[in-house]
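Chemist: below are the sequence and a predicted model for it; my questions follow.
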Amino acid sequence: MFVLELTYTAPLDAVDAVLEAHVAWLAEQYETGHFLASGRKDPRDGGVIIAVARDRARIEEITAGDPFVTAGVCAYRVTEFVATKTAPALEAYRESR
């Protein structure tokens with residue numbers, strides 16, 4: 001499992017100019033099952049995504065396709081973790097490495 005932390009690297013007006021494309025990209029990632037939760041940070045200087053994928057390389061491919069990244073308005077920090085305990089709704093994502 002991965003925590004993806006987005007940090008805006010451009011003013012909010014530049015971020016907002018790409019927001020619609022970013023939201024569409026998010027919807028695609030939810031459809032494929034890669035994303036479990038996402039949202040803005042407060043204060044609004046980026047966002048956080050909880051994601052799953054076979055490995056870190058796949059997550060890096062996915063984040064590279066974010067319109068925020070291709071437009072140069074955000075940077076990602078990727079943190080991999082082993083989810084050994086979860087809420088019942090996330091039981092399928094528990095790991096025991």
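Modeler: Alright, I've got the coordinates.
Chemist: give the contact list for L12.
Modeler: Residues near L12 by C-beta atoms under 8 Å, 6 or more residues apart in numbering: R44. For every residue, glycine as well, the C-beta is placed using N, CA and C.
Chemist: angles on the backbone of it, please.
Modeler: phi -60, psi -30 (degrees, to the nearest 10).
Chemist: ok, it to A24 distance?
Modeler: 19 Å (C-beta to C-beta, to the nearest Å).
Chemist: just E5 next, same as before
Modeler: Counting by C-beta to C-beta, the gap from E5 to A24 is 21 Å.
Chemist: so for the two, which residue has more residues nearby?
Modeler: Legend: neighbour count by other C-beta atoms under 10 Å for E5 and A24, higher for E5 (15 against 10).
Chemist: who's the more buried one bridged to?
Modeler: V48, R77 (DSSP bridges).
Chemist: taking the centroid of the protein, which residue is nearest it?
Modeler: Nearest to the centroid of the C-alpha atoms of the chain, with distances taken as C-alpha atoms, centre = their mean, sits I49, at 3.5 Å.
Chemist: where do the strands sit along the chain?
Modeler: Assigned by DSSP state E, the chain shows strands spanning 2-8, 35-40, 46-51, 74-80.
Chemist: now those as JSON lines including distance to L19 and mean pLDDT?
Modeler: Shown next, in JSON lines, are the strands of the chain (distance: least, C-beta to C-beta, whole Å; pLDDT from 0 to 100):
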{"stretch": "strand 2-8", "distance to L19": "11", "mean pLDDT": "98"}
{"stretch": "strand 35-40", "distance to L19": "10", "mean pLDDT": "97"}
{"stretch": "strand 46-51", "distance to L19": "11", "mean pLDDT": "98"}
{"stretch": "strand 74-80", "distance to L19": "11", "mean pLDDT": "98"}
